[in-house]
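Colleague: what's the 3D shape of this:
(one chain, ligands or ions: 2)
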Amino acid sequence: MQTKIVKINRENFTDIQLNEAGEIIRDGGLVAFPTETVYGLGGNAFDPEAASKIYAAKGRPSDNPLIVHIADMDGLSEIVENVPESAAKLAAAFWPGPMTLVMRKKPVVPDRTTGGLDTVAVRMPVDEIARALIRVSGVPIAAPSANRSGRPSTTTAQHCIEDLDGRIEMIIDGGSVDIGLESTIVDVTGDIPMLLRPGAITLEMLRDVLGRVDIDPAILGPMAEGVRPKAPGMKYKHYAPKAELTIVMGEPDKVRDKINELVAADIAAGRKSGVIATLESRNAYHGQTTLKVMGTRNDESTVARNLFAILREFDETGVDRIYSEGFEDTGIGRAIMNRLRKAAGYSILEVD
Ligand code: AMP
Ligand code: MG
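Modeller: Ligands and ions are numbered 1, 2, ... in the order given. Model (predicted):
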């Protein structure tokens, strides 16, 4: 299949430029498109065949459900049985925006879109291109991240081309995304809302609106054998670079010393290694390593924005091992650490 690449200038475009993309969606085809979180791989949420095509294009297991993207609140009542009070409050506070709510689905949403679950994950994105595409398509758009299964999510159209060229009808190039990590997912079907995946809408922000919000234990550690995570995607290997990634945690000076020691040992053993640092620490690492700076600790959203691109870049450097500094599990740091831990296969070194 020939994948058409369409450039859209987010500052200055009209819906007409998305007509062909909308037609592809309505006809059961697939379009990768920018959102504020990461690029999405979209298909008609009402069409089970489109869901199957999404799983096939990504190489994703079909029990890993898709997020349904809507443009307005009318779109919500079309697909969910009822809107719990907690959902209404969160929607009022954070929609449109980088938050996904899990609710009971109506029968019009096919089982294949929800991986067989009787719930559906719904998000109203704020990105203007994403919103226009949903509007022009005239149907809600089911979209997981637009990456091949197991690879880091895509934050530029170039990443989508790397992963999906020749496998889908169209890629909309709207430039780099704003946030860089996937949406916060909250399950609002139970008595106590539960955070299933941390994101830019932080746990602290959710609690400000709702009071109590519990955390799915799958967020912090590897799933124990036989345990079913509430967000099925949490059980799969994710974001993994080709090299072995280790997160080094602890007091900043000791982390830097430890990473330098590990790099020196790699060099002595004839291995190539790389370091993921921050603006604050970049000069602390010696010159014989591939150094990449993910952002500044003064504004962790910069780290979120660059993380996936950096993990992808390392695949092109041919390093055997990567060492990354870690972050505290607060604010957006919780989302960054959740993705880093998964990318590292939970390989974490504590120094003190
Ligand atoms: P992605 O955006 O590629 O990370 O994929 C969508 C994520 O949403 C996956 O991790 C899914 O497990 C999660 N998800 C989608 N639908 C549901 C649902 N009904 N219940 C819980 N999690 C869901
Ligand atoms: Mg994904």
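Colleague: all helices for this structure, in order.
Modeller: 19-26, 48-58, 73-79, 85-94, 128-137, 157-164, 203-210, 252-268, 300-315, 333-343 (DSSP state H).
Colleague: outside of the first one, which residues touch it?
Modeller: Same thing as helix 19-26. 4, 6, 30-31, 33, 42-44, 50, 133, 136-139, 141, 169-170, 172 (CB atoms under 8 Å, 6 or more residues apart in numbering). In short, each C-beta sits where N, CA and C put it, glycine included.
Colleague: can you give me the pLDDT of the residue at the greatest distance from the centre of the chain?
Modeller: Taking CA atoms, centre = their mean, the residue of the chain most remote from its mean C-alpha position is residue 268, at 36.7 Å. pLDDT for residue 268: 94.
Colleague: for it, give me its contacts.
Modeller: By CB under 8 Å, 6+ apart, the contact set of residue 268 is empty.
Colleague: isn't residue 155 right next to residue 178, touching?
Modeller: No - taking contacts as CB atoms under 8 Å, residue 155 lies outside contact range of residue 178: 9.4 Å.
Colleague: out of those two, which sits in the more crowded spot?
Modeller: Higher neighbour count among residue 155 and residue 178: residue 155, with 29 against 18, using other CB atoms under 10 Å.
Colleague: related to what we said a few turns ago, output the helices of the chain as TSV; include the columns distance to residue 11.
Modeller: Compiled in TSV, the helices of the chain are given as follows (distance: least, CB to CB, whole Å):
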stretch	distance to residue 11
helix 19-26	18
helix 48-58	29
helix 73-79	25
helix 85-94	24
helix 128-137	9
helix 157-164	16
helix 203-210	28
helix 252-268	39
helix 300-315	19
helix 333-343	27
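Colleague: do you know which of the ones you listed lies nearest ligand 1?
Modeller: Ligand 1 sits nearest to helix 48-58 of all those, at 7.9 Å, using CB to the nearest ligand atom.
Colleague: now for the closest one, which elements pack on it?
Modeller: Helices and strands touching helix 48-58, by 3 or more CB pairs under 8 Å, 6 or more residues apart in numbering; DSSP states H and E, are strand 40-44, strand 141-142.
Colleague: that one to helix 157-164, inter-axis angle?
Modeller: Here the directions of helix 48-58 and helix 157-164 differ by 90 degrees (axes from the mean of the first three to the mean of the last three CA atoms, to 10 degrees).
Colleague: does helix 48-58 reach ligand 1?
Modeller: No - Helix 48-58 is not in contact with ligand 1 by CB under 6 Å from any ligand atom; minimum separation 7.9 Å.
Colleague: got the angle between that helix and helix 19-26?
Modeller: 110 degrees.
Colleague: mean confidence (pLDDT) on helix 48-58, please.
Modeller: For helix 48-58, mean pLDDT rounds to 97.
Colleague: okay, buried residues for that helix please.
Modeller: 48, 50-55, 57-58 (16 or more other CB atoms under 10 Å).
Colleague: show me the shaky parts of the stretch 151-300 of the chain.
Modeller: Residue ranges of the stretch 151-300 of the chain with pLDDT under 70: 223-237.
Colleague: could you rerun that using 90?
Modeller: 217-242, 286-289 (pLDDT under 90).
Colleague: strands along that one, start to end?
Modeller: For the stretch 151-300 of the chain, applying DSSP state E, counting those that start in this stretch gives strands covering 170-173, 184-187, 194-197, 214-215, 244-250, 273-277, 290-293.
Colleague: my guess is residue 40 contacts residue 147, does it?
Modeller: No - checked against CB under 8 Å, the pair residue 40 and residue 147 is beyond contact range at 10.2 Å.
Colleague: neighbour count: the two, which is higher?
Modeller: A direct count of neighbours by other CB under 10 Å for residue 40 and residue 147 places residue 40 higher, at 32 against 27.
Colleague: if we can go back for a sec, intersection of neighbour lists for residue 155 and residue 178?
Modeller: Counting by CB under 8 Å, 6+ apart, the residues touching both residue 155 and residue 178 are residue 305.
Colleague: identify the residues contacting residue 62.
Modeller: Here residue 62 is in contact with 52, 55, 112, 115 (criterion: CB under 8 Å, 6+ apart).
Colleague: any idea how far residue 60 is from the first one?
Modeller: By that I understand residue 52. Going from residue 52 to residue 60 by CB to CB, to the nearest Å gives 11 Å.
Colleague: same question for the last one.
Modeller: In this structure, residue 115 and residue 60 are separated by 10 Å, where distance is defined by CB to CB.
Colleague: how about the nearest residue to residue 324, chain neighbours excluded?
Modeller: Spatially, and ignoring its direct neighbours in sequence, residue 324 is nearest to residue 276 (3.8 Å; CB to CB, 6 or more residues apart in numbering).
Colleague: residue 70 is in contact with residue 135, correct?
Modeller: No - with contact defined as CB under 8 Å, residue 135 does not count as touching residue 70 (10.2 Å).
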